[in-house]
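Novice: sequence unknown, structure follows:
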């Protein structure tokens, strides 16, 4: 085959062609093939390590965000309860409210008021005065 003198071959191409011929002869091609799979395995191990570290970080971040949300809900409930207690405190400072509670819960009456107690027919109350023993 006749070589064409007009064709220019790039020097890198010639270097690669020479190296491949020399490497095959010297056995260096076998070493390169052994290094590549090792590099891929090493890269895979590093990627698995990084992904597992990221996964653990993401999981702990998720758990912390859930705890923060729960605490914020508790704070909101405490604020609502606090507002209710403040409202009750204002009511307890009102004398009309205090009088109503005394009448409803304790059965107290003002001096001079008549108390009407509904009874069931057939119930009889004794008219005897109370003694110190009854108290």
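Specialist: Ah, there it is. Given the structure is predicted, the values throughout are model-derived calculations rather than measurements.
Novice: Check the protein for its longest helix and report it.
Specialist: If you go by DSSP state H, the chain has its longest helix at helix 28-92.
Novice: Please name every helix or strand in contact with it.
Specialist: helix 11-26 (3 or more C-beta pairs under 8 Å, 6 or more residues apart in numbering; DSSP states H and E). Quick note: C-beta positions are derived from backbone N, CA and C, even for glycine.
Novice: What mean pLDDT does stretch 47-54 get?
Specialist: Averaging pLDDT along stretch 47-54 yields 93.
Novice: and residue 121, what helix or strand is that in?
Specialist: Using DSSP states H and E, residue 121 falls within no helix or strand.
Novice: hang on, the earlier thing: let me know the next secondary structure element after the longest helix of the chain.
Specialist: According to DSSP H and E, the helix or strand after helix 28-92 is helix 95-106.
Novice: got the angle between that following helix and helix 28-92?
Specialist: With axes from the mean of the first three to the mean of the last three C-alpha atoms, to 10 degrees defining the directions, helix 95-106 sits at 90 degrees from helix 28-92.
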